[in-house]
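Q: generate coordinates for the sequence data below:
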Amino acid sequence: MRSLFKNVANELIQQLTPEDLKEIMDSTVVTVLGNMEPEQRLAFSQEIVTKAFTEIIESLSPEQRLEFMKTLLPTILTELPFDALTEVELIQMLTGRD
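A: All right, here's what the predicted structure looks like:
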């Protein structure tokens, strides 16, 4: 039954405009996250955001990636506690090294 529902949902999604899809995604995220425990919310969010980010970035040119970064970085720097990281942790994150 779940598979049938997913197939029907995917077919319906194909018919939506980007604006309609964005509205549905926004309300779905609020609903889904609102029904989760904090640990579930974190794990779900990490998975969804990482997967979506990877999919989005793959199709962008280097110039578009730069523009995307310029759009996202101010929000990331404002909303996340970078001041809680040590200098070593920050360098490791930026360079991808352990």
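
Q: helix, strand or coil for the residue nearest the centre of the chain?
A: Ranked by distance to the mean C-alpha position of the chain (CA atoms, centre = their mean), the top residue is residue 49 at 2.3 Å. Following DSSP: H, G, I helix; E, B strand; the rest coil, residue 49 is assigned to helix.

Q: if I look at residue 48, how far off is residue 56?
A: 12 Å (CB to CB, to the nearest Å). Yep, even glycine has a C-beta here, placed from its N, CA and C like the rest.

Q: next: residue 38.
A: From residue 38 to residue 56 the distance is 26 Å (CB to CB).

Q: try residue 96
A: Distance from residue 96 to residue 56, counting by CB to CB: 19 Å.

Q: what segments of this protein are helices?
A: 2-15, 18-34, 38-58, 62-79, 87-95 (DSSP state H).

Q: show me what the second one is in contact with.
A: In this case it means helix 18-34. Helix 18-34 is contacted from outside by 13, 16, 41, 44-45, using CB atoms under 8 Å, 6 or more residues apart in numbering.

Q: and with 6 Å instead?
A: For helix 18-34, the surrounding residues in contact (CB atoms under 6 Å, 6 or more residues apart in numbering) are residue 41.

Q: report the buried residues of that helix.
A: Of all the residues in helix 18-34, not one is buried under the rule 16 or more other CB atoms under 10 Å.

Q: how about low-confidence regions in the protein?
A: With pLDDT under 70 as the threshold, the chain has low-confidence stretches at 97-98.

Q: 90 instead, please
A: Within the chain, the set of residues satisfying pLDDT under 90 comprises 1-6, 9-10, 12-13, 76-77, 80-85, 87, 89-98.

Q: so residue 96 and residue 56 - more neighbours on which side?
A: Neighbours per residue (other CB atoms under 10 Å) separate residue 96 from residue 56, with residue 56 holding more: 12 against 6.

Q: so how many other residues sit close to the residue lying closest to the more buried one once chain neighbours are set aside?
A: For residue 56, ignoring the flanking residues on the chain, the nearest one in space by CB to CB, 6 or more residues apart in numbering is residue 68 at 7.4 Å. Other residues lying near residue 68 total 14 when counted by other CB under 10 Å.
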